[in-house]
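Engineer: structure here, sequence nowhere to be found:
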């Protein structure tokens, strides 16, 4: 079975970087490229697109709130239309850079607070998905199973690819444990290996309180800003291959 391994990439700016993007591009099958608001800048975006091209990695837009100091993880009370324009601005910028390199943006993944705000508000989710469809009806939306983003993408007749987050803990309702709470970030290599193996074999995840939940995903995310993310991504890739899976970009997995 084809499985996508993706990571949020290019989230530094100028001379600063959060991970070894060049090395990470050799491990993943899809890159969610920051589009200049929470991280990234025009030069970094172009470098990520070129790295993806060289390594045969699928290119995705990863827009966030305009809050570089807070890394896009702080909610800001923008209106729904303001959020729509911010998203479109970032998507358009990456599509232009990708086109200039004879590449295309194939998938889309919200970053942090912007995604949280969309997931809580069905009307906002519909507004976002309708806007994405107007720009590119072929974009694949990366979403967590059962999320409002998934539902809105389906309503807009956009393809989805469901995510399993290898480095984040889940609660009994299948939601991510909030960052800052004990155990929210899973960075132990043995723990990540066990979680990924369980997902690949049983299609389940064990929550932070010990509950077992179904996990109907076909894409695995490793956050590039998680400590040791490069080695964690290599572990995930090795588990996919050991289970007989084939690594493929989001566009191929979603079909």
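Structural biologist: Done, it's in. In this text, all values refer to a predicted model and were calculated from it rather than measured experimentally.
Engineer: residue ranges for the strands of the chain, please.
Structural biologist: Using DSSP state E, the strands of the chain run over 2-9, 30-34, 58-62, 107-108, 140-143, 160-165, 204-206, 212-214, 219-221, 246-247.
Engineer: give me whichever of those strands is most buried.
Structural biologist: strand 30-34 (a mean of 30; mean count of other C-beta atoms under 10 Å). Bear in mind the C-beta positions are built from the backbone N, C-alpha and C, glycine included.
Engineer: and the angle from that strand to strand 160-165?
Structural biologist: Taking axes from the mean of the first three to the mean of the last three C-alpha atoms, to 10 degrees, one finds that strand 30-34 is oriented at 90 degrees with respect to strand 160-165.
Engineer: re earlier: mind checking which of the strands of the chain is nearest residue 172?
Structural biologist: Across those, residue 172 has its closest neighbour in strand 212-214 (7.6 Å, C-beta to C-beta).
Engineer: partners of that closest one, with directions?
Structural biologist: Applying DSSP bridges to the sheet, strand 212-214 is found paired with strand 204-206 (antiparallel).
Engineer: list the contacts of the strand it pairs with.
Structural biologist: Defining contact as C-beta atoms under 8 Å, 6 or more residues apart in numbering, one finds that strand 204-206 is touched by 164, 170, 195, 198-199, 212-215.
Engineer: quick one: distance of that strand to the chain centre.
Structural biologist: Centre-to-centre, strand 204-206 and its host chain are 19 Å apart (C-alpha atoms, centre = their mean, to the nearest Å).
Engineer: do stretch 159-172 as well
Structural biologist: Using C-alpha atoms, centre = their mean, the offset of stretch 159-172 from its chain centre is 10 Å.
Engineer: I am finished for the moment; much appreciated.
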